[in-house]
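Novice: below are the sequence and a predicted model; questions follow.
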Amino acid sequence: MTTPPAPAAPHWVQVALSVLGILGGSTGLAAIATVVVQRGKFKADAADTLTEAALTLVQPLQTRITQLEGEAFSARSELGTLREQVNQLQFVVRVLTRTLDRWRAAIRAPDATLRKVRATVAESDRIPEMDR
């Protein structure tokens, strides 16, 4: 009985073995191992460089964002104060408009006299609407 011949190794294995033989055995393997190890270090160095560059760009943006947040807070506070002032002014305008309407009505009344107009004006001075 004869045994069938051993199957041939894949082509890439034959090429790899030939390259290893050419490189000189252990010396060549050491060189390949060094390149493989250094490749990982190169990737780590590249990642560190990219991280440092990103932080260099991000830090001024973070500072600016902090400044803008402070300005926004200040603007919101000022807006609240201004809204309150506008509300107060609107109240005063309403009161003065009512007062003016009363005075006009007193002046245009068919039975208007100087005494009645003066009494209306004097009465307006006593109305506590203006105090708020």
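Specialist: Received it, and whenever you're ready, just let me know what you need.
Novice: flag the shaky bits of the chain, pLDDT-wise.
Specialist: 1-9, 17, 20-33, 35-40, 127-132 (pLDDT under 70).
Novice: just the helices in it please.
Specialist: 11-23, 26-108, 114-126 (DSSP state H).
Novice: turn the ones you listed into TSV, including mean neighbour count.
Specialist: For every residue, glycine as well, the C-beta is placed using N, CA and C. Below are the helices of the chain laid out as TSV (neighbours: other CB atoms under 10 Å):
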stretch	mean neighbour count
helix 11-23	11
helix 26-108	11
helix 114-126	11
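Novice: spatially central residue in the chain, please.
Specialist: For the chain, Ile65 is the residue whose C-alpha lies nearest the centre (CA atoms, centre = their mean; 6.6 Å).
Novice: so what's Ala112 closest to, chain neighbours aside?
Specialist: Ala106 (6.3 Å; CB to CB, 6 or more residues apart in numbering).
Novice: state the distance from Met93 to Gly70.
Specialist: Just to correct that, residue 93 is Val rather than Met. Using CB to CB, to the nearest Å, Val93 is found at 35 Å from Gly70.
Novice: typo on my end, it should be Leu79
Specialist: 15 Å.
Novice: same check on Asp111?
Specialist: From Asp111 to Gly70 the distance is 64 Å (CB to CB).
Novice: got the phi and psi for Pro110?
Specialist: Note on Pro110: its backbone torsions stand at phi -60, psi -30 [degrees, to the nearest 10].
Novice: give me the neighbour count for it.
Specialist: When counting by other CB atoms under 10 Å, one arrives at 4 neighbours for Pro110.
Novice: distance of it from Lys116?
Specialist: 11 Å.
Novice: ok, now Ala53?
Specialist: 85 Å.
Novice: for Gln90, same thing?
Specialist: Applying CB to CB to Gln90 and Lys116 gives a distance of 31 Å.
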